[in-house]
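Visitor: need a 3D model of the sequence below.
(chains A and B)
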Amino acid sequence: MSATSKKGGAPGSPTSRKAMPLREAIETLRAQRGAGDVVITSMGSAREWMAMGPLDPLDFIHVPSSMGETLSLGLGIALAQPARRVVACCGDGSLLMNLGALVTIASEAPPNLVVVVFDNGVYEVTGAQSAPGARAGADFAVLARASGIASVHRFGDLDAWRSSAASALGAPGPVCIVLDVAPVPGAIGPRSPGKTAERGPAFARALQGG
Amino acid sequence: MTTLSGPLTGPQVASFFAELGITHVVSVPDSTIGPWHEAIAGHPALRLVRVCREGEAWAVAGGLHFGGAVPLVLIQCTGLFESGDSLRNIVHDWNLPIFSVIGYRSYLNQETLPGDTCLVFTEPMLTAWKIDWLLVTDASQLSEMRAHYERCRNAGVAGSIVVAEGRA
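Guide: Below you'll find the model as predicted:
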């Protein structure tokens, strides 16, 4: 493969595929959120999630975060709380920081864990610099499947995501859902909704007490 | 009550962890702690969570802690070096008192890796990350290990037992 073809985007890469608006993609996820579900967001997904309304005690806004570790945090919660569905959201840049997490999740195989990857092909909150995955044409659904996760779904069309969200999110886990989303122009990073010294214990109480 | 004589063995370590109330051991093996995995995985009170890199271990442990479990991170000191930002986020941003057991490569024997820089960086790194650590060079220090764990648990701080290792 020539350098030019890599930069142009391989078939299926974010530069050549259909993408849905991030806000609507997350609204669809939010509409499927069940009582007792844990939803973990970071970066752009956290920003949008917080903008959509009041937080649930079982929302974990992973801000500040360690880039890429949101899925691992979700795995730990899923293992400790097997009766709850845990939805862990990240972007493609974050996933690339911790790609082995897909293999770890497949290895531990928690049936209650759903991973949602918002793939926009850029590092959005730092100014939309191109991410290596997009430049290489990396397919995160294929990577998830090759990591050993059996239930993998990928949507670039909003209507298709809306019509399939319930079944995809409700499948026995671990589940990986890759959503091709468009970058949000001028987007900034999320602000922490409060002090971690208060948010962490409150989240733990909600998680363990419900 | 576990009693030790000579080098730590997998069954001894597994029993020790279980007696402390640990529920999950999140680990990447090395040549000293790797042989403990089988006993840990086989202990009815413990679940061994095998992660791909050490940075993952702190976040998985953080999630377990939030969920009410009692995790322990079991890694080599080289993995501590790899762990930086994840450790910072879990232990300091979120103030989670994650306890760890960290293998101290080459401490007892540099035959394989003469001048191993693990000996230069391990202790300063632990101190820099504000981990309350205890160096253990002999298996007979079990009571000190237990006391250190309980002290850290009662204080609600991240602590570590640093296990001196022989040849890499």
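Visitor: what about the residue nearest to the spatial centre of chain B, which SS state?
Guide: The centroid of chain B falls nearest to B:V101 when counting by CA atoms, centre = their mean (1.3 Å). Assigned by DSSP: H, G, I helix; E, B strand; the rest coil, the conformation of B:V101 is strand.
Visitor: was I right to think it contacts B:Q76?
Guide: No: between B:V101 and B:Q76 there is no contact, the gap being 10.1 Å when judged by CB atoms under 8 Å. Just so you know, the C-beta spots here come from the backbone N, C-alpha and C atoms, and that holds for glycine as well.
Visitor: before we move on, what's the pLDDT of residue 30?
Guide: Because you didn't say which chain, this covers chain A. According to the prediction, A:R30 has pLDDT 97.
Visitor: chain B is the one I meant
Guide: Note on B:D30: pLDDT of 95.
Visitor: which residue comes closest to A:A197 once chain neighbours are left out?
Guide: Once flanking residues are discounted, A:A197 sits nearest to B:N95: 6.1 Å by CB to CB, 6 or more residues apart in numbering or on different chains.
Visitor: ditto for B:L80
Guide: Of all residues not flanking B:L80 in the chain, B:I102 sits nearest, at 5.6 Å (CB to CB, 6+ apart).
Visitor: same question for A:L95.
Guide: Once chain neighbours are set aside, the closest to A:L95 by CB to CB, 6+ apart is A:V117, at 5.6 Å.
Visitor: the one you found: how many residues sit nearby?
Guide: Residues within reach of A:V117, counting by other CB atoms under 10 Å in any protein chain shown, total 25.
Visitor: repeat that for A:A202.
Guide: 11.
Visitor: just checking, it touches A:P57?
Guide: Yes: using CB under 8 Å, A:A202 makes contact with A:P57 at a distance of 6.9 Å.
Visitor: tell me the contacts of B:Q76?
Guide: Contact partners of B:Q76, counting by CB atoms under 8 Å, 6 or more residues apart in numbering or on different chains, are B:28, B:30, B:32-33, B:54, B:102-103, B:105, B:165.
Visitor: A:M67 now?
Guide: For A:M67, the residues meeting the contact criterion (CB under 8 Å, 6+ apart) are A:43, A:93-94, A:97-98, B:85.
Visitor: what is the nearest of those residues to B:L113?
Guide: B:D85 (26.1 Å; CB to CB).
Visitor: who wins on neighbours among the contacts of B:Q76?
Guide: For the contacts of B:Q76, the largest number of neighbours (other CB under 10 Å) sits with B:I102, at 28 neighbours.
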